[in-house]
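Colleague: Fold the following, please.
(one chain, ligands or ions: 2)
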Amino acid sequence: MTPILTVEHLGKGFVLHGQGGLALSVMRDLSLELHPGECLVLAGPSGIGKSTLLKILYGNYLAGEGRIRLHFGDGPLSLTELPAHAWHALRRDVIGYVSQFLRVVPRVSAREVVMEPLLARGADAAEARVRAETLLARLNLPERLWSLPPGTFSGGEQQRVNIARGFIGEHPLLLLDEPTASLDAANRAVVVELIHEAKARGTAMLGIFHDEDVRERVADRLLPLESFMAPSLAPAAQPSTSRGLPHA
Ligand SMILES: Nc1ncnc2c1ncn2[C@@H]1O[C@H](COP(=O)(O)OP(=O)(O)OP(=O)(O)O)[C@@H](O)[C@H]1O
Ligand SMILES: [Mg+2]
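Modeller: Residues are numbered from 1 along each chain as shown. Ligands and ions are numbered 1, 2, ... in the order given. Here you go, the predicted model:
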């Protein structure tokens, strides 16, 4: 089967301008393939570069070295060479992202935050509203909160709005950065269900899950990032536990 995403020899470092231009190398020579319908889980200790990898794939950070290709639509698309203006349509139609924290926009209600990815594609507003409310109800967000801006919501409530917004668009590729971190067991179970449903639709997912139980239930493969650490970080790393899941 053709992968939807291939990453070849990816390297990334940061230059810390506030520290006299100190260069911090995070990862090197990282390669992976991701297929439709599978969930690949990034593993490794804090600071290893898991979120950095997702941010590169979403175009928030530039890759330092290597090549990233998306096999979708008319053929392979090189993300490492994609012009800035093309990212908007790619995020609208192909790559979804559930970040760890919701970016709150003042005065925009939770319902509208969730509807927005569908409206951006020109979907019918009434239909988008029904789909948003269905997801918010599944994620147990009390109905009285739907018409309020999420700025004052609890961490777990904001995270559920974020998850609903991430899943509503049914993007072919979904990046998940600790979507269950602030959730209770009942809502973690809903997220696991949403992930299984997305897999069944053929969605490819790349995710970070600190909760080992969630990880075991959703991961088809684990990718331990220790092997791709830049040498300066290598001695500090601890091997990750996998409990028998196949490694990428
Ligand atoms: N914009 C940035 N500028 C400078 N350094 C950065 C930047 N973003 C990330 N880093 C550094 O890159 C390294 C990897 O960070 P990253 O957030 O990817 O780790 P992580 O594996 O997601 O950790 P955690 O499990 O704690 O979320 C860290 O040392 C971090 O300080
Ligand atoms: Mg992180």
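
Colleague: what's the distance between stretch 124-140 and the middle of its chain?
Modeller: Distance of stretch 124-140 from its chain centroid, counting by Cα atoms, centre = their mean, to the nearest Å, is 21 Å.

Colleague: Around ligand 1, pick out the residues from the chain.
Modeller: Within the chain, the residues that sit near ligand 1 (Cβ under 6 Å from any ligand atom) are 14, 16, 24, 26, 46, 47, 48, 49, 50, 51, 52. Quick note: C-beta positions are derived from backbone N, CA and C, even for glycine.

Colleague: Which single one of those residues is nearest to residue 140?
Modeller: residue 51 (26.4 Å; Cβ to Cβ).

Colleague: Would you check that residue 33 makes contact with residue 3?
Modeller: Yes. The pair residue 33 and residue 3 qualifies as a contact (Cβ atoms under 8 Å) at a distance of 4.2 Å.

Colleague: re earlier: so which of the residues of the chain next to ligand 1 belong to strands?
Modeller: Within those, membership in strands is found for 14, 16, 24, 26, as judged by DSSP state E.

Colleague: now for the helix or strand where residue 30 lies, which elements pack on it?
Modeller: Under the criterion of DSSP states H and E, residue 30 resides in strand 22-34. Applying 3 or more Cβ pairs under 8 Å, 6 or more residues apart in numbering; DSSP states H and E, we find strand 22-34 packed against strand 5-16, helix 50-57, strand 65-72.

Colleague: Return the distance of that strand from the chain's centre.
Modeller: Remark: strand 22-34 is offset 17 Å from the chain centroid, using Cα atoms, centre = their mean.

Colleague: quick check: angle from it to strand 5-16?
Modeller: 170 degrees (axes from the mean of the first three to the mean of the last three Cα atoms, to 10 degrees).

Colleague: Keeping just the C-alphas, turn the helix or strand that comes right after strand 22-34 into PDB.
Modeller: Counting by DSSP H and E, the next helix or strand C-terminal to strand 22-34 is strand 39-43. What follows is strand 39-43, C-alpha atoms only, in PDB (Å, rounded to 0.1, in the frame of the first residue of the first chain):
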ATOM      1  CA  CYS A  39      -1.800   5.100  14.100                       C
ATOM      2  CA  LEU A  40       1.900   5.500  14.600                       C
ATOM      3  CA  VAL A  41       2.800   6.700  18.200                       C
ATOM      4  CA  LEU A  42       5.900   8.700  18.900                       C
ATOM      5  CA  ALA A  43       7.600   7.600  22.000                       C
END
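
Colleague: picking that back up, would you point out the most distant pair within the ones in strands among the residues of the chain next to ligand 1?
Modeller: 16 and 26, at 11.8 Å, using Cβ to Cβ across these.

Colleague: Throw the residues of the chain next to ligand 1 into CSV and include neighbour count and pLDDT, thanks.
Modeller: Formatted as CSV, the residues of the chain next to ligand 1 follow (neighbours: other Cβ atoms under 10 Å; pLDDT from 0 to 100):
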residue, neighbour count, pLDDT
14, 13, 93
16, 10, 90
24, 13, 89
26, 22, 92
46, 7, 93
47, 13, 92
48, 23, 94
49, 24, 95
50, 23, 96
51, 19, 95
52, 18, 96
